[in-house]
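S.K.: dropping the sequence and predicted coords here.
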Amino acid sequence: MNSFNIFALQTKRRDMSKKTIIGFIPIVFGLIIVTAFAYQSNFINLDVSIPKSLSNISIDNDHFIFNKNGEKLKLYTIEDENRTTDKWQLSQFDEVEKGNKDGIEFHFKKDFSGTLIYGLYAYEPMDYPIAVYFKKHEKIENGKAFINIREQLSGVYDLALWKSRKKGRLAYRVLDNKNNIIFNKSISFIVNEGFTIVPDIVWGPFLSIQTENKITLKFATNLKCTPIVSVNNINYDLKESKNHEITIIDLDDGKQYDYSIQIGDIIHKSTLKTAPKTGNQAKFTFAFSSDSRGGTLKGETNTKGHNADIIKKMATLAAFKKVDFWQFTGDMIDGYKIDRDEMELEYTNWLTSISPFMHSIPLNVGMGNHEVLMNVFGDPKDYMSIDGFPYDERSGESLFASFYANPINGPDSEDGSKYDPDYKSIDFPSYKENVYSYVYANMAMIVLNSNYWYSPNHNIIPLIGGNAHGYVMDNQLEWLKSEIAKFEKDGNIQHIFVSIHTPAFPNGGHSKNDMWYNGNNEVRPWIAGKKVDKGIIERRDEILDILVNKSEKFRVLLTGDEHNYSRLIVNQETKRYPENWTATKLKLKRPFVQIVNGAAGAPYYAQETLPWTPSVKKFSSQYALVLFNIEGNKIEVEVINPNTLELIEKVEL
C-alpha cells in the first residue's frame, strides 16, 4: 500500500562541510547519512560571545543590553514573551498520542481548549494519499482529547479496513478555541487487544540535491526508529532517529528508479529520477514560486504560518504537470519570531501541507525575510531586532538549514571579507544551504540570499549593525561572480537562471525596500560600527553588471517578496534611477527578464507606478505557479493560477 501523507516533529541540524561529504563517499558505499540534532535551548547564555560585527550590545546586570543613543534596551527573552503571549510550539505536539483499548488518547503539552478534527486514510492505491475527515469532531479540554476509533470509525466509516487488517493510519487537525488551525499531523497504529501507536513518516520524503548520479531523501518520523531505504533493489539501513537524511550515490544519469522506505511492517513506495547528463537538449520543465506565508483569512489560508489552501493546490498542479523540480525562494512561513520552537512548528506545517505531492519531485528552497529568527531588544513592537546569535543555534540561517537539504557549494560566510572586524573569530552566520547552485541538463540555477544577517528595522542598522532587506553582501557577490564565470566557460550550459527573494526592480508592494528603498541609496549594511562602501542601488547595479554584462548565458532573474506575478524586460533605455541620482549609471549591454512570483498564498499587493513601469509586460495579482518549459535554446514561460487553473500568460522568452 503506497502512502506518503505526512507531518513533522523534530528537526535536525546539518553540520557536514563539503570536505566531510567528499570524505564519506569512498568509505560508505552508496549513501551518506547525516545524523540528527534536536535544538533544546530557548535562551542565550551570558557566556555567549557577542559577535564583533555588531555594535552597542553589551552585558549589564546579567542581561544583554542594546544601547540605543543612551537608552538601554534589554533583550526581550522567551520568558518575557511567554508571560504575555499565548504561543504554539512544535514541542507541544511531540509524542502526545497514546493508544488504549478503544482508540487514541491525546495529551498535548499545553493546557488549552479547542477542537480535534480527524479522519482515516482509505486503504486503496493512491499516488497522493490524503485522509478523509470524519463528519464528527472531538473537544479538546485541558489539553486532552480522545478519539474512540472502535465506536466512531467502524463499519461503513472504516475506510482503512483497520478492523480486518489490524492496522491503519489517521490524520488529525488541532484547532484552538477560536477555530484557528494550529497543527496537522498523521499517525499510524496497530490493533491487537487495543490500539498502539507505531513509528511512521510524518513529513516527507522530500527529494533534493539532484545530480546526474546522486539524490538526497529527507523525512521525519513520529518516533525514533531505524528505517530501511531501498533504491534499485539495494537496501540501506539508517541510524535510529526521528530525523532521517540519506544521499544515494552511484546512480545513472536521467534514469527513474523505484524506491521504498520501510519502517517496521509499513512500506512506502514511490519513484525518483536523477538529473539528465549535463548539456542534454531534451525538453524539461521546472516550477518556480515564493511567498506562501499566511493569508488574511482564517481556516486553511492561515494554517499557523502559511496558506495551506494555496500551497497544496500549487503542489498538486506541479505534480499534475510532472515538473522535473521545483524552486521555491523564500517566505514559506510567517516567521519573524524569537522562539525557535515556535518557528519549527511553522516550518513543520509547511512541509506537512506539500508532503503528499512531493515524494517524486525534487524541491530546492531559498531564504526570504520571513525566515528570520530574531534577537529583539526592548518592546518587540519597535522591531529593535537582529539576526539571532549565537549564529550556529539562533540565526535564521541555522534554523533554515535544519529543515531543508540544499547543496553545500556556496560561500562560507561574510567572515574574511574586508569589513570583518576579527579574522580569528566567527562574527557572521553561515551561508551553507542558503546560497548555492545546481545544474539540470543545459541549465544552471544560482540561488542567492538577500536576507542574510538580516536586521528587520533598517533604521537602526547604523547603531546596532546587520544587513538590510534586499542587500547582497561582499563575499556572496564575489561567489556569484565566480559562479557566473564558471558556467560561462562550461560548454554544456546554455541557460543561467538566478533566484533571489527580493526583486532588483519592485513593481507592487515593496517599492519602499527591496533593491530600491524609494530611491534611497544610503541603505546598506553596517559592520562593527562602520558602513560598507556601496549602497543598495549601487549593489543592485554590481549584481546586474555581473549577470548582464559579464554573461551571455544569463536569462532570467527569478524573485518573489511581492505577492503578485510580474514579468519585466529591462534594457539600457529602461529608467532605473531616482531623479536626483548623481553617481555612475550602469550601461546594460543587452536586455534581461525579471520575473516576480510571490503569489503562493501570501496577502496580495496591487501594482505601483515606478520609473520602470512602462517596461512591465505582464502584472497579475492572481495566485500563480510559473512553469519554465526548456528545450535546447527554447525557453517558454507558462503561468497558471493553481486556484482556478486559469492561464495567466504563456510566452516564449
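M.R.: Structure received.

S.K.: contacting residues for Ala600?
M.R.: Ser289, Ser290, Asp291, Ser292, Asn307, Ile310, Ile311, Met314, Phe328, Tyr623, Leu625 (C-beta atoms under 8 Å, 6 or more residues apart in numbering). Every residue, glycine included, has its C-beta placed from N, CA and C.

S.K.: what's across from Lys139 in the sheet?
M.R.: Thr115 (DSSP bridges).

S.K.: one more: Asn597?
M.R.: With DSSP bridges as the rule, Asn597 is bridged to Tyr565.

S.K.: how many neighbours does it have?
M.R.: 27 (other C-beta atoms under 10 Å).

S.K.: next one: Met314
M.R.: So Met314, with other C-beta under 10 Å, has 29 neighbours.

S.K.: what's the helix or strand for it?
M.R.: Assigned by DSSP states H and E, Met314 belongs to helix 308-320.

S.K.: the stretch 51-200 of the chain: strands as residue ranges?
M.R.: With strands called from DSSP state E, counting those that start in this stretch, the stretch 51-200 of the chain shows them at 57-60, 63-68, 71-76, 97-99, 104-107, 114-120, 132-140, 144-147, 167-175, 181-191, 195-198.

S.K.: could I get those strands as a markdown table with mean pLDDT?
M.R.: Listed next are those as a markdown table, based on pLDDT from 0 to 100:
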| stretch | mean pLDDT |
| --- | --- |
| strand 57-60 | 95 |
| strand 63-68 | 96 |
| strand 71-76 | 96 |
| strand 97-99 | 98 |
| strand 104-107 | 98 |
| strand 114-120 | 98 |
| strand 132-140 | 97 |
| strand 144-147 | 98 |
| strand 167-175 | 98 |
| strand 181-191 | 98 |
| strand 195-198 | 98 |
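
S.K.: for stretch 244-255, which positions count as buried?
M.R.: Within stretch 244-255, the residues that count as buried by 16 or more other C-beta atoms under 10 Å are His244, Glu245, Ile246, Thr247, Ile248, Ile249, Leu251.

S.K.: kindly report the same for stretch 468-487.
M.R.: Those would be 468-477, 479-481, 483-484, 487, for stretch 468-487 by 16+ other C-beta under 10 Å.

S.K.: narrow the residues you listed to those in helices?
M.R.: Asp474, Asn475, Gln476, Leu477, Trp479, Leu480, Lys481, Glu483, Ile484, Phe487 (DSSP state H).

S.K.: quick one: which of those residues is nearest Asn232?
M.R.: Using C-beta to C-beta, Phe487 is the member of those that lies nearest Asn232, at 30.7 Å.

S.K.: touching stretch 276-287 from outside, list them.
M.R.: 212, 253-254, 318, 321-327, 439-442, 490-493, 625-632.

S.K.: flag every buried residue along it.
M.R.: For stretch 276-287, by 16+ other C-beta under 10 Å, it's Pro276, Thr278, Asn280, Phe284, Thr285, Phe286, Ala287.

S.K.: may I ask which two of these are separated the most?
M.R.: So, the buried residues of stretch 276-287 by C-beta to C-beta: farthest apart are Thr278 and Ala287, at 20.9 Å.

S.K.: quick revisit: the contacts of stretch 276-287 in helices, which ones?
M.R.: Per DSSP H, the contacts of stretch 276-287 map to helices at Ala318.

S.K.: restricted to strands, list the contacts of stretch 276-287.
M.R.: Judged by DSSP state E, the contacts of stretch 276-287 include Phe325, Trp326, Gln327, Val439, Tyr440, Leu625, Val626, Leu627, Phe628, Asn629, Ile630, Glu631 as members of strands.

S.K.: sorry, back to before: what is the nearest of the buried residues of stretch 276-287 to Leu448?
M.R.: Phe286 (17.3 Å).

S.K.: what bridges to that closest one?
M.R.: Applying DSSP bridges, one finds that Phe286 bridges with Phe325, Phe628.

S.K.: going forward, begin numbering at 391 instead of 1
M.R.: Renumbered: residue one is now 391, and that last one reads Phe676.

S.K.: show me where pLDDT drops low in this protein?
M.R.: For the chain, the stretches with pLDDT under 70 are 391-433.

S.K.: now the residue of the chain most remote from its centre. Nearest residue, chain neighbours left out?
M.R.: The outermost residue of the chain relative to its centre, with distances by C-alpha atoms, centre = their mean, is Glu583 at 42.5 Å. Excluding its sequence neighbours, the residue lying closest to Glu583 (C-beta to C-beta, 6 or more residues apart in numbering) is Lys491, at 6.6 Å.

S.K.: what does Lys920 give?
M.R.: Tyr809 (6.9 Å).

S.K.: for the one you found, what are phi and psi?
M.R.: phi -100, psi 0 (degrees, to the nearest 10).

S.K.: burial of it, as a residue count?
M.R.: Neighbour tally, Tyr809, other C-beta under 10 Å: 20.

S.K.: ok, now Glu528?
M.R.: Glu528, neighbours per other C-beta under 10 Å, totals 19.

S.K.: quick check: closest non-adjacent residue to it.
M.R.: Leu506 (4.4 Å).

S.K.: looks like Asp935 contacts Leu976 (just checking).
M.R.: Yes: applying C-beta atoms under 8 Å, one finds Asp935 in contact with Leu976, separated by 5.8 Å.

S.K.: sheet-wise, list the partners of the helix or strand containing Ser660 with their directions.
M.R.: In the assignment (DSSP H and E), Ser660 maps to strand 656-663. Strand 656-663 has its sheet partners listed here by DSSP bridges as strand 646-653 (antiparallel).

S.K.: list the contacts for Trp869?
M.R.: Taking C-beta under 8 Å, 6+ apart, one finds Gly800, Pro801, Tyr821, Val825 in contact with Trp869.

S.K.: which of those residues ranks first by neighbour count?
M.R.: Val825 leads the contacts of Trp869 on contacts (other C-beta under 10 Å) with 30 neighbours.

S.K.: can you tell me how far that residue sits from Met835?
M.R.: 12 Å (C-beta to C-beta, to the nearest Å).

S.K.: Thr693 too?
M.R.: 29 Å.

S.K.: can you check Asn622 too?
M.R.: In terms of C-beta to C-beta, Asn622 sits 27 Å off from Met835.

S.K.: so for those two, which sits in the more crowded spot?
M.R.: Met835 (23 against 14).

S.K.: about what we covered before: how much space between the residue nearest to Lys920 and Thr892?
M.R.: 21 Å.

S.K.: same question, Asn570
M.R.: 30 Å.

S.K.: more neighbours, those two?
M.R.: Using other C-beta under 10 Å, the more surrounded residue of Asn570 and Thr892 is Thr892, with 31 against 15.

S.K.: hey, where'd the strands end up in the stretch 941-1043 of the chain?
M.R.: Going by DSSP E, counting those that start in this stretch, the stretch 941-1043 of the chain shows strands at 944-949, 955-960, 982-987, 1006-1010, 1015-1021, 1024-1030, 1037-1042.

S.K.: if we can go back for a sec, with distance to His527 added, can I get the buried residues of stretch 634-645 in TSV?
M.R.: Formatted as TSV, the buried residues of stretch 634-645 follow (distance: C-beta to C-beta, whole Å):
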residue	distance to His527
His634	32
Glu635	36
Ile636	38
Thr637	42
Ile638	42
Ile639	47
Leu641	46
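
S.K.: between these, which is nearest Ser840?
M.R.: Looking across the buried residues of stretch 634-645 and measuring by C-beta to C-beta, the closest to Ser840 is Glu635, at 26.9 Å.

S.K.: the closest one contacts Ile605, correct?
M.R.: No: taking contacts as C-beta under 8 Å, Glu635 lies outside contact range of Ile605: 11.7 Å.

S.K.: Lys500 and Ile530 touch, don't they?
M.R.: No: contact criterion C-beta under 8 Å: Lys500 and Ile530 do not qualify, at 9.9 Å.

S.K.: right, so of the strands of the stretch 441-590 of the chain, which gets closest to Leu753?
M.R.: Closest among the strands of the stretch 441-590 of the chain, using C-beta to C-beta: strand 571-581, at 18.6 Å.
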